[in-house]
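**Q** predicted model follows, preceded by the sequence.
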Number of protein chains: 2
Amino acid sequence: MNQSRNGTAPLKATDLSRTASTSDIIFDALRDAIIRGEIGEGETIRQESIARMFNVSRIPVREALKRLEAQGLVTSVRFKGVVVSALSPAEIREIFAFRALLESDVIAGAVPAMRPQSLQEARQYMEAFDREEDPAKWGELNWHFHMALYRDAGRPYFLEVIRTANDRVERYVRAQLELTGSRGRARTEHEAIFNACAKGDGEQAAALTRAHILDAGESLIEFLTNDDNARKRDE
Amino acid sequence: MNQSRNGTAPLKATDLSRTASTSDIIFDALRDAIIRGEIGEGETIRQESIARMFNVSRIPVREALKRLEAQGLVTSVRFKGVVVSALSPAEIREIFAFRALLESDVIAGAVPAMRPQSLQEARQYMEAFDREEDPAKWGELNWHFHMALYRDAGRPYFLEVIRTANDRVERYVRAQLELTGSRGRARTEHEAIFNACAKGDGEQAAALTRAHILDAGESLIEFLTNDDNARKRDE
DNA sequence: TTATGCTTTATTGGATCCAATATACAATAT
DNA sequence: ATATTGTATATTGGATCCAATAAAGCATAA
């Protein structure tokens, strides 16, 4: 009864082929730990210690590390190990310029196609971001807000690339959000972007998104190059 | 005497730490085979067969495959294997739009900083592309030409992303270049882009680059959706 | 013939073991 | 004291082996 005669694979009750492998789980966990800043930049990741944490051998750990390396989150030196990549101010500035270019283009393409449901979702994330008191959750809510506005552009490749770019800088943004009053500005800028989308003005939404990202980047760099903050972060 | 006292690591005669691992070699080889079209889209890659080709175990092969998957060149299904990713016309169109956006922006930033040496190099690749008779080499020469013009933008992250985007579509471009007269147009468009750079007109270079890429994308899609060509490619 | 269940085979995912390398440390010489 | 050499230890890279799964073949029944 599970047979299908239209060429697609039969769907078994337990479809193992789309469950996550051990290497997938470890990849996700490490990626998360890195972008949340739980593993600091420059810190080296030992295969054995990760393997012990998950009660597995080093094999799936190594595969996960290779994937992280392919995405640029860690850099590996043969026979020595992998360390969480650190970004120079110049590299951070470049990534924000990158995001500004891509995300403004995407939102301009999304607005004409935007479904009410996406707009509604964006509003909910925006409000949740405003209300949330736990700084650890701001990063994710912020991300969901933007993605809800980008989704209807129908450009999965753009979104994938934006995500990996975001992954590289997210831990810095988190630190900044937690230690400065920058959430206030994000709030008002989000509202402006949202309103432009609701109005159907794609050009304005693009301009606001571009400014939103570039501003965040510049203030982040200022924040990071201030020695006081560096000290504060270490505590 | 190899000791250094300035904090950098000592450089041994045989610096193993920056030699390529087996997994690196296999990664490069597979990536090359995929973007050259030697492994066709939809084709599944068997760990064991690759391992035999290199006289190694399956371990480094698996690591290489995970990296290819992270870059989107293959997709893997648990317990079944990895297959070379196929792109739909919509995905191809999206990637060309992506490249057009990024590359035009990069070249606009590169022109004001362009060194004569880079310009000279670009000219050499352009002329080599014109003269070259072996279609298998066109893709690489074309790539080097563009990269010479982008280099001085000083945006390594942009270039890295452009490269992975290019990797995904290169085999289609190759097929098109080999089977159609599209090299002629590429030639004249290259010349126009080069002249704009030599003049120092970044805006024009950007506009030409954008048109160059979008045109190539559209004509590629037309080429691919023509059944005759699909048959021709299979021969 | 066609569908259903069982068995065999090919293939992947993971564990364990071994080799190669780097690092830390002690011993020695200058 | 400082540099140098040798040794022990920790860590990575890879090979081999085993378990889990999917696909193919085969037998049997409707």
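**A** It's in. Residues are numbered from 1 along each chain as shown, chains lettered A, B, ... in the order given.
**Q** after the one helix or strand residue A:23 maps to, which helix or strand is next?
**A** Counting by DSSP states H and E, the element that carries residue A:23 is helix A:22-35. As assigned by DSSP H and E, the chain's next helix or strand after helix A:22-35 is strand A:44-45.
**Q** so, in contact with DNA strand D or not, whichever helix or strand comes after that following strand?
**A** Next along the chain after strand A:44-45, taking DSSP H and E as the criterion, comes helix A:47-54. Yes - residues of helix A:47-54 are located near DNA strand D by CB under 7 Å from any atom of the strand, namely A:47, A:48. Using the backbone N, CA and C atoms, a C-beta is placed for each residue, glycine as well.
**Q** which parts of helix A:47-54 are buried?
**A** If you call a residue buried by 16 or more other CB atoms under 10 Å in any protein chain shown, then helix A:47-54 has these buried ones: A:47, A:50, A:51.
**Q** and for stretch A:25-42?
**A** Judged by neighbour count (16+ other CB under 10 Å), stretch A:25-42 contains these buried residues: A:26, A:27, A:30, A:31, A:34, A:35, A:37, A:39.
**Q** from these, which is closest to residue B:172?
**A** Closest approach between those and residue B:172, by CB to CB: residue A:27, at 29.3 Å.
**Q** surely that closest one meets residue A:69?
**A** No - contact criterion CB atoms under 8 Å: residue A:27 and residue A:69 do not qualify, at 11.0 Å.
**Q** next, the buried residues of stretch A:174-190.
**A** Buried, per 16+ other CB under 10 Å, within stretch A:174-190: A:174, A:175, A:176, A:177, A:178, A:180, A:182, A:183, A:186, A:189, A:190.
**Q** let me see the contact set for the last one.
**A** Read that as residue A:190. A:126, A:129, A:145, A:212 (CB atoms under 8 Å, 6 or more residues apart in numbering or on different chains).
**Q** give me the element it is part of.
**A** According to DSSP H and E, residue A:190 maps onto helix A:182-199.
**Q** and the next helix or strand past that helix?
**A** Once helix A:182-199 ends, the next helix or strand along the chain (criterion: DSSP H and E) is helix A:202-224.
**Q** what residues does that next one touch?
**A** Contact with helix A:202-224 is made by A:89, A:92-93, A:95-97, A:99-101, A:103-105, A:107-112, A:149, A:169, A:172-173, A:176, A:179-180, A:182, A:185-186, A:189-190, A:192-193, A:196-197, A:229-230, as judged by CB under 8 Å, 6+ apart.
**Q** and the residues you listed, which of them are buried?
**A** Counted by 16+ other CB under 10 Å, those give A:92-93, A:95-97, A:99-101, A:103-105, A:107-111, A:149, A:169, A:172-173, A:176, A:180, A:182, A:186, A:189-190, A:192-193, A:196-197, A:229 as buried.
**Q** contact residues of chain A facing chain B?
**A** Contact residues (CB under 8 Å from any CB of the partner chain) of chain A with chain B: A:16-19, A:21, A:23, A:59, A:62-64, A:66-67, A:69-72, A:77-80, A:91, A:94-95, A:97-98, A:101-102, A:105, A:155-158, A:160-161, A:165.
**Q** about what we covered before: now the contacts of residue A:190 in a markdown table, with distance to DNA strand D and neighbour count?
**A** Formatted as a markdown table, those follow (distance: CB to the nearest atom of the strand, whole Å; neighbours: other CB atoms under 10 Å in any protein chain shown):
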| residue | distance to DNA strand D | neighbour count |
| --- | --- | --- |
| A:126 | 41 | 23 |
| A:129 | 38 | 21 |
| A:145 | 37 | 23 |
| A:212 | 39 | 22 |
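**Q** ok, those residues vs DNA strand C, which is closest?
**A** Closest approach to DNA strand C among the contacts of residue A:190 (CB to the nearest atom of the strand): residue A:145, at 34.0 Å.
**Q** how about low-confidence regions in chain A?
**A** In the predicted model of chain A, residues A:1-17, A:227-235 satisfy pLDDT under 70.
**Q** find the nearest non-adjacent residue to the residue of it found nearest chain B, please.
**A** Residue nearest to chain B within chain A: residue A:70 (3.7 Å; CB to the nearest CB). Distances taken as CB to CB, 6 or more residues apart in numbering or on different chains put residue B:70 closest to residue A:70, at 3.7 Å, once the chain neighbours are dropped.
**Q** quick one: that neighbour and residue A:67 touch, right?
**A** Yes - if you go by CB under 8 Å, residue B:70 and residue A:67 touch, sitting 4.3 Å apart.
**Q** the two - which one has more neighbours?
**A** residue A:67 (23 against 19; other CB atoms under 10 Å in any protein chain shown).
**Q** can I take it that the more buried one is in a helix?
**A** Yes - assigned with DSSP: H, G, I helix; E, B strand; the rest coil, residue A:67 falls within a helix.
**Q** which non-adjacent residue is nearest residue A:129?
**A** Of all residues not flanking residue A:129 in the chain, residue A:141 sits nearest, at 4.1 Å (CB to CB, 6+ apart).
**Q** now swap in residue A:50 and tell me
**A** Closest residue in space to residue A:50, ignoring its immediate chain neighbours: residue A:61 at 4.7 Å, by CB to CB, 6+ apart.
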